[in-house]
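Trainee: dropping a prediction and its sequence here:
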Amino acid sequence: MDSEFGDPFENEVEEGGSFSFISSLNGTLCVVDCSEEMLVKDSETGVSRAVLALEAIKATYCNKLISGSLDHLGVILCGTDTKTNDYDGIHVLLPLDTPDKNCVEVLQKTSNEFTAGKFQFGRGQVYSPYHLLWTCNSIFTSCVKKLGTRLVMIFTNVSEPHNLDAKTRQLATTKARDMSELGITISIIPLPTLDGSQFDVEKFYSALVPDHEVTNPTNDIEDLSMRVHRRESKVRMTASINFVVNPELTIGVQCCNLFGEPAAKHINLCSKTNQPVVTVSSVVRETDRSVLLPHEVYKSCKFGSETVIFSKDDVEQMKVRSDKGIYLIGFRPAGDIKFHHVAGKSTFIRPSETVFNGSTDFFVALLTRLQAREKVGLVHCVPREGTPGYIGALIPQLEERDEDNEQIRPMGFHLIRLPFADDIRKLNYEPSIEPNPAQVDAAKSLILKLKAKQFSANLLDNPEVMQFNKTLEAIALEKDRIEETEDSTKPDVESMNKRAGKEMSKFNDVAFPAGYSIPDECKKPDYKRVITLVQNRNREGTLAKVSVADLKLYCQAPGVRLKVPSNAKKGDLVDAVKKFLG
């Protein structure tokens with residue numbers, strides 16, 4: 001797609017009014033409970049819950065480090081003998097900052113010490129949840145970077161902190177409410193208890209997080225790392241905008257990016273000093289070369305025999321067709337929106353109560369009714385001032401959770417940009433050869449035999465991407481060697497022959513009978529023969545006897561790739577090959 005179909009909500013500065021852009025940086029504080037229950041090793045895995053949490057946090061740090069993310073992460077240990085501030089039992093292991101190699105080393109060292117039974121920070125110290133929340137709030141407040149979202153993740157398997165009195169409970173509840181009003185989200189990640197009982201959120205943590213998500217605890221590091229990734233990344237948003245349903249009803253919504261590449265920042269450096277180069281542009285008068293001020297610059301356009309002059313304000317006003325916002329036009333059946341109607345990546349829309357109270361109730365009602373009636377909404381979206389806007393479709397999506405009650409898909413609308421009529425082109429395909437009924441039946445039998453009962457693309461990892469990520473990880477963490485990746489995409493030939501050996505033989509006999517010859521246009525070029533022929537002829541000094549077709553094929557061979565015109569004569573081809581072979 002062309003760049004004009006990019007995300008209009010990205011890479012913008014903050015504005016006021018009905019539309020505001022939000023910083024794309026996330027700030028996350030990971031709190032690990034170091035109570036006695038968290039440090040006891042599991043009888044089956046031999047890994048304590050604290051080590052499990054630290055490994056999941058380390059995986060998050062590695063992912064951020066490899067991807068070059070500028071998000072801020074921090075780690076706090078609670079229940080320790082040491083203390084970073086004046087509050088007992090609270091130790092800041094890693095300050096809130098961008099991940100680096102030293103952070104990963106500190107987490108690995110702490111994890112190894114916990115595994116070996118060495119606790120340099122102490123263990124089992126009684127701490128106050130109120131002091132813990134106060135520390136988290138102070139860390140976010142003192143952060144010099146502007147964070148779009150702020151999240152506190154608490155890893156624990158203790159349903160209620162020890163020695164918790166009514167006053168401390170009330171103070172912690174009030175502090176959690178104050179943090180929620182400031183935009184700080186608290187999330188509880190429960191871990192398996194020692195006696196195997198269910199983690200009871202209602203004992204204490206439900207007061208801190210009223211809309212908490214009750215999930216099943218897990219002992220698997222990969223599963224826990226995935227949960228941390230979902231909690232940490234699902235709250236990313238890019239902008240807040242008004243959704244105008246009609247002239248008398250307006251609600252607030254947030255724009256989020258579920259997928260997207262980070263914006264690349266290119267910095268020009270001076271070749272002599274290696275310092276950033278500052279570019280300054282000025283408009284000068286043609287007569288005396290004096291610098292013109294911005295209000296002295298005008299634009300013109302010729303209409304007939306007259307030249308019409310426009311100021312900068314005139315040009316900006318001509319671009320404005322309507323106020324910024326999302327305007328509801330009407331509704332259409334969901335089947336009217338085809339796959340080829342998606343002109344660029346979508347923007348995820350969810351409700352926001354920051355501007356208009358009650359936005360969530362109307363948003364949920366509209367989404368559920370559209371989903372029930374299989375309808376989509378048509379809107380006119382003006383992402384910012386000075387843009388003409390575009391016609392888009394609101395695709396409803398209900399919340400979906402897995403068997404562990406972890407959220408897989410959030411609830412909201414996908415805002416997709418619809419193309420104009422001339423943006424859709426009809427492709428003409430050449431007619432292909434139709435298979436006969438016997439070939440179709442043989443193919444069906446083969447597919448049914450090789451079809452997996454429970455297959456998901458998530459079960460297979462791209463080996464090239466995995467190896468690339470491990471290479472980046474080794475470079476970022478300065479490792480001595482790169483770990484090898486197991487290729488899970490290679491077919492199991494022995495198992496395939498055992499399950500569908502007869503069907504494969506039958507399909508080959510029907511599709512490629514005796515005497516079948518592959519058409520010339522389907523044959524792969526024989527580069528090996530041509531390379532050997534050209535090298536031998538060049539050594540013998542009889543390169544001119546090679547045909548033009550073989551010379552052109554040699555120029556296209558891997559490792560040669562000579563750029564020659566398609567209408568090159570034989571003499572030019574011979575000269576190019578001789579020059580290449582020396």
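Mentor: Thanks, I have it.

Trainee: let me see the ranges of the helices in the stretch 101-250 of the chain.
Mentor: Under the criterion DSSP state H, counting those that start in this stretch, helices of the stretch 101-250 of the chain are mapped to 101-115, 129-141, 166-181, 205-208, 221-233.

Trainee: so how far is stretch 182-190 from its chain's centroid?
Mentor: Distance of stretch 182-190 from its chain centroid, counting by CA atoms, centre = their mean, to the nearest Å, is 21 Å.

Trainee: and for stretch 445-463?
Mentor: 25 Å.

Trainee: now do it: everything it contacts.
Mentor: Thr485, Glu486, Asp487, Ser488, Thr489, Met496, Arg499, Ala500, Glu503, Met504, Lys506, Phe507 (CB atoms under 8 Å, 6 or more residues apart in numbering). Using the backbone N, CA and C atoms, a C-beta is placed for each residue, glycine as well.

Trainee: and these, which of them are buried?
Mentor: Buried members of the contacts of stretch 445-463, counted by 16 or more other CB atoms under 10 Å: Thr485, Ala500, Glu503, Met504, Lys506, Phe507.

Trainee: what residues does the first one make contact with?
Mentor: Read that as Thr485. Asp461, Pro463, Met466, Gln467, Lys470.

Trainee: just the closest of those to Trp134, please.
Mentor: Lys470 (40.3 Å; CB to CB).

Trainee: got the contact list for that closest one?
Mentor: By CB under 8 Å, 6+ apart, the neighbours of Lys470 are Ile482, Glu483, Thr485.

Trainee: can you read off the pLDDT for it?
Mentor: Here, the pLDDT recorded for Lys470 equals 82.

Trainee: does it count as helix, strand or coil?
Mentor: helix (DSSP: H, G, I helix; E, B strand; the rest coil).

Trainee: for Val32, which residues make a bridge with it?
Mentor: Per DSSP bridges, the residues bridged to Val32 are Leu77, Phe155.

Trainee: surely it and Leu52 touch.
Mentor: No - Val32 lies out of contact with Leu52 (CB atoms under 8 Å); the separation is 9.7 Å.

Trainee: Asp487 sits in which helix or strand?
Mentor: If you go by DSSP states H and E, Asp487 is not part of any helix or strand.

Trainee: which residue packs closest to it, ignoring adjacent ones?
Mentor: Using CB to CB, 6 or more residues apart in numbering and skipping the chain neighbours, the partner closest in space to Asp487 is Pro463 (4.3 Å).

Trainee: cool, Ile531 as well?
Mentor: Nearest to Ile531 is Ala557, by CB to CB, 6+ apart, at 5.7 Å.

Trainee: how about Tyr87?
Mentor: His131 (3.8 Å).

Trainee: I'd like to know how far that neighbour sits from Met504.
Mentor: 68 Å (CB to CB, to the nearest Å).

Trainee: do Gln454 as well
Mentor: Gln454 is 23 Å from Met504, by CB to CB.

Trainee: now do Leu39
Mentor: To Met504, Leu39 is 56 Å away according to CB to CB.

Trainee: about what we covered before: format the contacts of Lys470 as CSV; extra columns: secondary structure and pLDDT.
Mentor: Listed next are the contacts of Lys470 as CSV, based on DSSP: H, G, I helix; E, B strand; the rest coil; pLDDT from 0 to 100:
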residue, secondary structure, pLDDT
Ile482, coil, 83
Glu483, coil, 80
Thr485, coil, 82
